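A.B. asks: Mind folding the following:
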Amino acid sequence: MHQERGLQQDESQRYEIGFSGAGGQGIITQAIIFAEAVGVYSGKYVCQTQSYGPEARGGKSKAEVVISTTPIDYPKALGLDLLLAMNQASCDAYFFDLKNDGILVIDKGLVEQSPTSRVVALPFTSIARKEIGREMTANMISLGAVGVLSGQVDLALLEKAILARVPAGSEKMNATAFWRGVEEAKKINLANLPRSVLSEEAV
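C.D. replies: Numbering: from 1, shown residues only. So this is what the prediction gives:
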């Protein structure tokens, strides 16, 4: 599991989110929108970084958002408080970046094997396909869920950031997808999850 690197900043004031999946799933867009909602509209300090494989589409894609109430002296994540994994490959690759008490959020239909029982599994892509009619909106549905489960942003401001970013004419569809994700996430009681992402045998 990720180890502390001895930085002077009080990590209790940091909250770190990882967005991961495959190229073409809108992962980078999610992180940019979340960072804008927190930094531009909410006035907190925020850093957003991203990485992706050499393949333009289908390769692993990852972006991080670091949030703090004080100036951020190190822009990359030290230990994720929440990781969104939109496919199995990204879940396997980035799970170990989570803190012991971090939250893993997965697409229930695309991640078949979760490495921990401290997980929130929601059918983002299935909802996008069956209810919204556009599979691509799974990123907005999961963004809504991350907004609720992280507790780091006002949901109305997150919607505002979405509407400022999405193509003209798609605002209603993306807003509907976003609030559908919010609705699903509000059904989750995080207090019912295990306290650690590691099994008792592994601790």
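
A.B. asks: What is the helix or strand bottoming out on mean pLDDT in the chain packed up against?
C.D. replies: Each helix and strand of the chain was given a mean pLDDT (mean pLDDT, DSSP states H and E); the minimum falls on strand 45-52 at a mean of 87. Here strand 45-52 touches helix 27-36, strand 60-68, going by 3 or more Cβ pairs under 8 Å, 6 or more residues apart in numbering; DSSP states H and E. Where you see a C-beta, it was placed from the backbone N, CA and C, and this is true even at glycine.

A.B. asks: List the buried residues of the longest one.
C.D. replies: Residues of helix 27-36 classed as buried by neighbour count (16 or more other Cβ atoms under 10 Å): 27-36.

A.B. asks: Now do the contacts for the closest residue to L155 other than its chain neighbours.
C.D. replies: Spatial nearest neighbour of L155, excluding adjacent residues (Cβ to Cβ, 6 or more residues apart in numbering): G147 at 5.3 Å. Neighbour list for G147: 34, 37, 153, 155, 158, 181-182, 185 [criterion: Cβ atoms under 8 Å, 6 or more residues apart in numbering].

A.B. asks: got the CA coordinates for the helix or strand containing G147 in CSV?
C.D. replies: Secondary structure assigned from DSSP states H and E places G147 in helix 138-150. Output of helix 138-150 as CSV, limited to C-alpha atoms (Å, rounded to 0.1, in the frame of the first residue of the first chain):
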residue,chain,number,x,y,z
ALA,A,138,-21.0,6.6,-18.2
ASN,A,139,-18.3,9.1,-17.3
MET,A,140,-20.9,11.7,-16.3
ILE,A,141,-22.8,9.1,-14.2
SER,A,142,-19.7,8.0,-12.4
LEU,A,143,-18.7,11.6,-12.0
GLY,A,144,-21.9,12.2,-10.1
ALA,A,145,-21.2,9.2,-7.9
VAL,A,146,-17.7,10.4,-7.2
GLY,A,147,-19.1,13.8,-6.3
VAL,A,148,-21.3,12.2,-3.6
LEU,A,149,-18.9,9.6,-2.3
SER,A,150,-16.0,12.0,-2.0
